[in-house]
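>>> I'd like to go over a predicted model; first the sequence, then the structure.
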Amino acid sequence: MTGENPIIAIRDWSCGYLDEPIVVDFSFDLTRGTIACIVGSNGAGKSTLLRSIYGTIKRFKGELYFAGEQIESLKPIERMARGISFVPQGRCNFPYLSVAENMQLAAHTLSKSQEKKAVEKQINRFPVIRNKWRERASNLSGGEQQMLEMAMAFVVEPTLLLIDEPSLGLSPKMRTEVFETIRELAHDDLSIVMVEQNVRGGLAVSDTAIVMDLGRKVMEGSPEEILADSRINSVFLGGSPHD
């Protein structure tokens, strides 16, 4: 493996759903404590890639290393136990249950003593949870639900967070708050891979940017390098190819 002590390393990765891969020959290292933002047009394979890292869809070929351990043969629950959490695109809480019940379900793999400490830590990290503790999740705003879902993912204290379209459907104010929270969460013990259609917002809080097109990685670099590229400006930011 290359890279400086990567938390995750993907090698020649191809994945999909049926008989043909959607993502093809993808390779990438994520340095510990950093955020990578994956951007690209609809259908580029971004969400497919995240799901495959978590193990919920078919791998055709390739190797996946997490904290130095080869894990592509592990089931999702085994990957979670090793420190990987996944927040899928769209609302993924239990809408007819209260915030408290959602948090309890997220902590179902923990002992009772561990659960109490883990949930209390997330209440302190995401104050909106305490304020809405007895509310149905469906009564929360989109931004509040996104915070709840991140809190649910963090109950098990992951070292890698996979998060798909965290700003989807949010107001500008809540988008900013969610992005700021994601930036604050990354540290030596937590790394993040984020898929985001809001290119400027996602890259503003990221350390590394990856551009995908038709299932392949076409660019990788710093957010500044990606944003400065005229092709990216044309395709994703609405500029002309000569801007």
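Looks like it arrived, so ask away.
>>> what comes up buried for stretch 124-135?
F126, V128, I129, K132 (16 or more other CB atoms under 10 Å). C-beta here means a position set from N, CA and C on the backbone, and glycine is covered the same way.
>>> Which residues does that stretch contact?
Contacts to stretch 124-135, defined as CB atoms under 8 Å, 6 or more residues apart in numbering, come from residues 98-100, 103, 122-123, 139-140, 144, 147-148, 150-151, 154, 181.
>>> re the thing from before, from the buried residues of stretch 124-135, which is closest to I38?
Comparing the buried residues of stretch 124-135 against I38 with CB to CB picks out F126 as the nearest, at 24.1 Å.
>>> Quickly list what the residue nearest in space to the middle of the chain is bridged to.
Nearest to the mean C-alpha position of the chain, by CA atoms, centre = their mean, lies I163 at 1.9 Å. Counting by DSSP bridges, I163 forms beta bridges with V87, M194.
>>> For it, give its distance to C92.
I163 is 11 Å from C92, where distance means CB to CB, to the nearest Å.
>>> Please apply the same query to P166.
Using CB to CB, P166 is found at 11 Å from C92.
>>> Between those two, point out the one with more neighbours.
Taking other CB atoms under 10 Å, P166 and C92 do not tie; P166 has more neighbours (25 against 15).
>>> Helix, strand or coil: sort out the more buried one for me.
What DSSP: H, G, I helix; E, B strand; the rest coil gives for P166 is coil.
>>> Could you check which helix or strand contains the closest residue to it other than its chain neighbours?
Excluding its sequence neighbours, the residue lying closest to P166 (CB to CB, 6 or more residues apart in numbering) is V178, at 5.2 Å. Per DSSP states H and E: V178 is located in helix 172-185.
>>> tell me which residues of that helix are tucked away?
So, applying 16+ other CB under 10 Å, buried residues of helix 172-185: M174, R175, T176, E177, V178, F179, T181, I182, L185.
>>> So, low pLDDT: which residues of this protein?
Within the chain, the ranges that satisfy pLDDT under 70 run 1-4, 91, 188, 233-243.
>>> quick one: the strands in it?
Using DSSP state E, the strands of the chain run over 6-16, 21-31, 35-40, 58-66, 69-70, 84-87, 160-164, 191-195, 208-213, 216-221.
>>> who does the second one touch, helix- and strand-wise?
Contacting strand 21-31 under the criterion 3 or more CB pairs under 8 Å, 6 or more residues apart in numbering; DSSP states H and E are the following elements: strand 6-16, helix 46-54, strand 58-66, strand 191-195, strand 208-213, strand 216-221.
>>> Name the residues that touch it?
With contact meaning CB under 8 Å, 6+ apart, strand 21-31 is reached by 1-16, 36, 45, 48-49, 52, 60, 62, 160, 191, 193, 207-208, 210, 212, 215-217, 220.
>>> Hmm, the residue nearest to the centre of the chain is touching V87, no?
Yes. Between I163 and V87 there is a contact under CB atoms under 8 Å: 4.4 Å.
>>> which neighbours do the two share?
Applying CB under 8 Å, 6+ apart, one finds that I163 and V87 are jointly contacted by M150, A153.
>>> Who are the contact partners of the residue nearest to G83 when sequence neighbours are not counted?
Distances taken as CB to CB, 6+ apart put T159 closest to G83, at 3.9 Å, once the chain neighbours are dropped. Contact analysis of T159 by CB under 8 Å, 6+ apart lists I7, A67, G83, I84, D189, L190, S191.
>>> what sits against the first one?
For I7, the contacting residues are L30, T31, R32, F66, A67, T159, L160, S191, taking CB under 8 Å, 6+ apart as the criterion.
>>> looking at the sheet around the spatially closest residue to A44 that is not a sequence neighbour, what are its partners?
Distances taken as CB to CB, 6+ apart put M212 closest to A44, at 4.2 Å, once the chain neighbours are dropped. With DSSP bridges as the criterion, M212 is bridged to G40, K217.
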